[in-house]
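1. Sequence first, then the predicted structure, then my questions.
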Amino acid sequence: MKRMIRIPLLLLAFAMFVAACGDDDDTSSDDGTGGETPSGETLKVGTKYDQPLFGVNTPDGVVGFDAEIARFIADELGMEVAFQEAVSANRETFLENGTVDMVVATYTINDERKEQVDFAGPYYIAGQDIMVEAGNPKGITGIDDLDSADIKTCTVEGSTSLANLNSMAPDAAVTTFDTYSKCADAMGQGRVDAVTTDNVILLGLADESDGAYELVENPFTDEPYGIGVAKGSELRCQINEILQAAYDDGTWAQIYEDTVGAVASVTPDPPAIDNEGC
């Protein structure tokens with residue numbers, strides 16, 4: 001697997017020297033408003049800790065597609081990665097207040113979020129689907145079946161999945177939690193009949209259920225995953241360059257096959273990157 005060095009070592013050393021001589025500490029833009037590239041040796045990354053195949057916190061560290069994409073980007077920037085758990089509802093806040101430098105957390109790009117943060121990528125296109133108990137006892141075949149008080153559906157607070165559900169199935173009986181793993185637990189306990197979010201997230205939950213859950217396999221949206229950074233951050237264009245090179249030399253495909261590909265049968269083509277403004 002190729003590795004590109006996007007920041008020459010001499011330039012990196014000079015940047016670190018300048019930062020050390022200033023009044024600030026090792027991470028600039030802690031208030032999330034300066035739009036600067038992190039100046040220290042650590043890249044603070046928000047990701048999910050309970051998203052099978054994408055981000056799971058284990059005794060050996062965070063593993064999954066999002067985690068490996070973040071590690072690759074940090075490596076190309078000549079930095080070490082430091083993970084911070086980020087759930088759907090706090091991703092914008094973490095970027096705005098400088099808790100993290102970037103968010104790689106099954107983070108769908110949409111116009112509302114782009115008013116608060118900038119996005120590099122997209123680096124993956126998912127589609128919202130539905131997970132049910134094995135055998136599909138309620139006979140759920142698509143989003144229209146969720147538009148009923150008789151079907152209890154679970155999704156996550158602050159997610160595009162919830163917004164899509166409210167828009168496309170306004171009469172749905174909705175239960176929300178802060179993580180999708182809690183939705184899966186609720187279905188196992190008989191408290192909900194369906195869980196809806198992006199198909200790759202559901203694929204990981206179904207895989208971990210040892211056959212207890214299955215997907216309807218009828219996606220009804222496109223969900224472009226982006227890497228969130230603070231408004232005006234130089235990181236956006238740097239990350240886009242790193243992602244494009246990873247697409248071109250096969251690194252992206254290898255990361256996918258080593259993570260999501262353990263369950264998914266097909267490696268998709270990477271999506272076109274939005275380089276507007278770069």
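-> Yep, that arrived.
2. what residues are up against the closest residue in space to I69 that isn't next to it in sequence?
-> Distance criterion C-beta to C-beta, 6 or more residues apart in numbering; nearest residue to I69, sequence neighbours excluded, is V104 at 5.6 Å. Using the backbone N, CA and C atoms, a C-beta is placed for each residue, glycine as well. By C-beta atoms under 8 Å, 6 or more residues apart in numbering, the contact list for V104 reads 45-47, 55, 66-67, 69-70, 73, 227-228.
3. Which of these fall in helices?
-> Mapping the contacts of V104 onto helices (DSSP state H) picks out 66-67, 69-70, 73.
4. Between those, identify the one with the most neighbours.
-> D66 (31 neighbours; other C-beta atoms under 10 Å).
5. isn't it right up against Y49?
-> No - D66 is beyond contact range of Y49, at 10.5 Å (criterion: C-beta atoms under 8 Å).
6. For V117, list the residues it contacts.
-> With C-beta under 8 Å, 6+ apart, V117 has these contacts: 91-92, 95-96, 103, 228-231.
7. Run through the stretch 151-278 of the chain and note the low-pLDDT ranges.
-> Filtered on pLDDT under 70, the stretch 151-278 of the chain yields no residues whatsoever.
8. Now do the helices in it.
-> Along the stretch 151-278 of the chain, the stretches classed as helices by DSSP state H, counting those that start in this stretch are 160-168, 180-188, 199-208, 235-249, 251-258.
9. Check which helices and strands the first one is in contact with.
-> Under the contact criterion of 3 or more C-beta pairs under 8 Å, 6 or more residues apart in numbering; DSSP states H and E, helix 160-168 touches strand 128-133, strand 152-156, strand 173-177, strand 194-198.
10. related to what we said a few turns ago, okay, the contacts of V104 in TSV with distance to D258 next?
-> Shown next, in TSV, are the contacts of V104 (distance: C-beta to C-beta, whole Å):
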residue	distance to D258
V45	18
G46	22
T47	17
G55	14
D66	13
A67	11
I69	11
A70	14
I73	16
I227	19
G228	23
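11. Thanks a lot, catch you later.
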